[in-house]
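Q: what follows is a predicted structure for the sequence shown.
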Amino acid sequence: MSSKIVGQPGVIEALVPCVEMFQAGLAPENRPVGVFLLLGPTGTGKTRTVEALAEALHGNAKSLLKIDCGEYQMEHEVAKLIGAPPGYLGHRETQPALNQQKLAAVASEKCGLSLVLFDEIEKAAPSMARLMLGLLDRGILRLGDNTQVSFEKTIVFMTSNLGAREMMREMAPEIGFQSAVPIAPEEVAGKLNKVAINAVRRKFSPEFVNRIDRVLTYQPLGAASFAAIVDHEVEHLQRHIVARLGSRAFAVDVPFAARQWLLENGTSVEYGARELKRTVHRHLTQPLAAMVTQGCIGAHSCVRVSVGPDRQSLSLRVGRESETFGSPFPSVLVVEKNRELSEFLDRQMRDAGWDVHTATNAVEARRIATKRKLHAVLVDADLQDESGVALAAQLRRANPQLRAIAMTRKELGHVEEGLRKAGGVAILYKPFAMRDAMELVYTQLREPALERFEDSPKAA
Ligand SMILES: Nc1ncnc2c1ncn2[C@@H]1O[C@H](COP(=O)(O)OP(=O)(O)O)[C@@H](O)[C@H]1O
Ligand SMILES: [Mg+2]
């Protein structure tokens, strides 16, 4: 699950004890095994989490009973959930959306636990919450025909974007200078949690809120998470091609520059990863499908994806399988006089699959930059032979697609700060956590290359 859900620390860990309780046979009687409320902005992985759990438990992401609360916006629609009482017109035709058979059908031989998801619960009519009270409290839902459905072997999930707007507002001042001020993630999480829970308390009754075991708050996704999701999508697309086309399958090569283009065009604070998935679909999956139907792609060939000359679209070219292709990871130059730090950065980035080059001075750095195709450069502002900021700005002038970050321990002087801003060089204050450094590289790579960078004040 952790490889499927990115950028949401703590979420998976919160689910584990609940599943273990069930598997150990120690789950409480007369109530669901667990009741979780997943909160946060759109496209941050709430629904995906439940699907990923279904995959983990039952080997199939579809093994869950999903109630789209958007379909129960009117009071009379809520009755569909439990079916009409006998004697009512159409009683026999109205199958309740929830019954014991349906619950049993989403468990598996591997695991007898059923997952029920009330998706986007804020959309349902108020009577839905009343109906759910008994379910959450005693683990029983009484249907229209007076039969009972037991939820003792289920985990009940509810998702909602209640409070998401306030959460975004809470985050907004930090997003701009994320680079310079690494706020403790726990602190952010705590704040967001509070905002979200307050929104829930305003909408639902105290009885309802009290029956929730755990509220999990999802955070807006960071740049590195978006990058990981693009990698997932590309991998998924490749597996799909192999599974569906069999002997006619072909390889798709999406080098880093193309992934970066997808990120630049698909990153949305408002729609989270949804916009990103749409972008991959529109610019990669659909054009590929068109090429397949036109018979342009032979078996065992490779489709190489690159950024079109106008940077407005991706271009897809069929090549031979044996061609050598671009790396899916960024290529980064680290210019740092402190060998220990440079070796550390080198090792960490390599572990993440990045292609790393290191230099200890400006002369060496220039030599590497002319020979290698680099995506980003991290420069120590205080190099021995010259100003690191000037070097970074110069490298960027020579290659406007290159993203540059100056690492500094102290506030830059007036002249250097001017150079930095004019040159579009981002700043990273030492000491920094590796995670923040890599996140910043991804953030920079996502920004359209020629835009000026935001001013990033040092932590107060
Ligand atoms: N944190 C995440 N990790 C991995 N993929 C994600 C994440 N958030 C969103 N996605 C991708 O975006 C899609 C939409 O996310 P979803 O879980 O439906 O969002 P919501 O939070 O609105 O329920 C998912 O199917 C998944 O592919
Ligand atoms: Mg959802």
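A: Looks like it came in fine. Computed from a prediction, not measured in an experiment: that's the story for all the values here. Ligands and ions are numbered 1, 2, ... in the order given.

Q: now do the SS call for residue 304.
A: Following DSSP: H, G, I helix; E, B strand; the rest coil, residue 304 is assigned to strand.

Q: what of the one 5 residues further on?
A: Here residue 309 is recorded as coil under three-state DSSP.

Q: where does the stretch 351-460 of the chain get nearest to ligand 2, which residue?
A: Residue of the stretch 351-460 of the chain nearest ligand 2, by Cβ to the ion: residue 446 (23.5 Å). (Glycine included, C-beta is placed from N, CA and C.)

Q: ramachandran angles for the residue of the chain found nearest ligand 2?
A: Of all residues in the chain, residue 47 sits closest to ligand 2, at 3.3 Å by Cβ to the ion. Per-residue torsions, residue 47: phi -60, psi -40 (degrees, to the nearest 10).

Q: quick one on the thing from earlier: nearest residue to the residue of the stretch 351-460 of the chain closest to ligand 2 in space, please, no chain neighbours.
A: The shortest distance from residue 446 to any non-neighbouring residue, by Cβ to Cβ, 6 or more residues apart in numbering, is to residue 263 (4.8 Å).

Q: then residue 407?
A: Nearest in space to residue 407, with sequence neighbours left out and distances taken as Cβ to Cβ, 6+ apart, is residue 428 at 4.9 Å.

Q: quick one, domains of this structure?
A: For the chain, automatic domain parsing gives the domain ranges 11-217, 223-320, 331-446.

Q: and those as CSV, adding mean neighbour count and mean pLDDT?
A: Below are the domains of the chain laid out as CSV (neighbours: other Cβ atoms under 10 Å; pLDDT from 0 to 100):
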stretch, mean neighbour count, mean pLDDT
domain 11-217, 17, 87
domain 223-320, 17, 90
domain 331-446, 18, 92
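
Q: any chance of CSV for those, columns distance to ligand 1?
A: CSV is the format used below for the domains of the chain (distance: least, Cβ to the nearest ligand atom, whole Å):
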stretch, distance to ligand 1
domain 11-217, 3
domain 223-320, 3
domain 331-446, 15
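
Q: can you show me the CA trace of stretch 24-41 as PDB?
A: Output in PDB follows, covering the C-alpha atoms of stretch 24-41 (Å, rounded to 0.1, in the frame of the first residue of the first chain):
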ATOM      1  CA  ALA A  24      -6.500 -12.000  15.100                       C
ATOM      2  CA  GLY A  25     -10.200 -12.500  15.800                       C
ATOM      3  CA  LEU A  26     -10.200  -9.800  18.400                       C
ATOM      4  CA  ALA A  27     -12.400  -7.200  16.800                       C
ATOM      5  CA  PRO A  28     -15.200  -5.900  19.100                       C
ATOM      6  CA  GLU A  29     -18.600  -7.500  18.800                       C
ATOM      7  CA  ASN A  30     -21.800  -5.700  17.800                       C
ATOM      8  CA  ARG A  31     -20.100  -2.900  15.800                       C
ATOM      9  CA  PRO A  32     -18.000  -2.500  12.700                       C
ATOM     10  CA  VAL A  33     -14.400  -3.500  12.900                       C
ATOM     11  CA  GLY A  34     -13.500   0.100  12.300                       C
ATOM     12  CA  VAL A  35     -15.000   3.400  11.300                       C
ATOM     13  CA  PHE A  36     -12.800   5.800   9.500                       C
ATOM     14  CA  LEU A  37     -13.400   9.300   8.100                       C
ATOM     15  CA  LEU A  38     -11.000  10.400   5.400                       C
ATOM     16  CA  LEU A  39     -10.900  14.100   4.900                       C
ATOM     17  CA  GLY A  40      -9.000  16.400   2.600                       C
ATOM     18  CA  PRO A  41      -9.000  18.100  -0.700                       C
END
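
Q: surely residue 287 touches residue 315?
A: No. In this structure, residue 287 is not within contact of residue 315 by Cβ atoms under 8 Å, at 9.2 Å.

Q: put the alpha carbons of stretch 353-368 into CSV.
A: Coordinates of each C-alpha in stretch 353-368 appear next as CSV, following Å, rounded to 0.1, in the frame of the first residue of the first chain:
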residue,chain,number,x,y,z
GLY,A,353,17.3,6.6,-9.2
TRP,A,354,18.5,10.0,-10.1
ASP,A,355,21.5,10.5,-12.4
VAL,A,356,23.9,12.5,-10.3
HIS,A,357,27.2,14.3,-11.2
THR,A,358,29.3,16.1,-8.6
ALA,A,359,31.8,19.0,-8.8
THR,A,360,33.7,20.8,-6.1
ASN,A,361,34.3,24.0,-8.0
ALA,A,362,33.0,26.2,-10.8
VAL,A,363,35.5,25.1,-13.4
GLU,A,364,34.7,21.5,-13.0
ALA,A,365,31.0,22.3,-13.0
ARG,A,366,31.1,24.1,-16.3
ARG,A,367,33.0,21.2,-17.9
ILE,A,368,30.3,18.8,-16.8
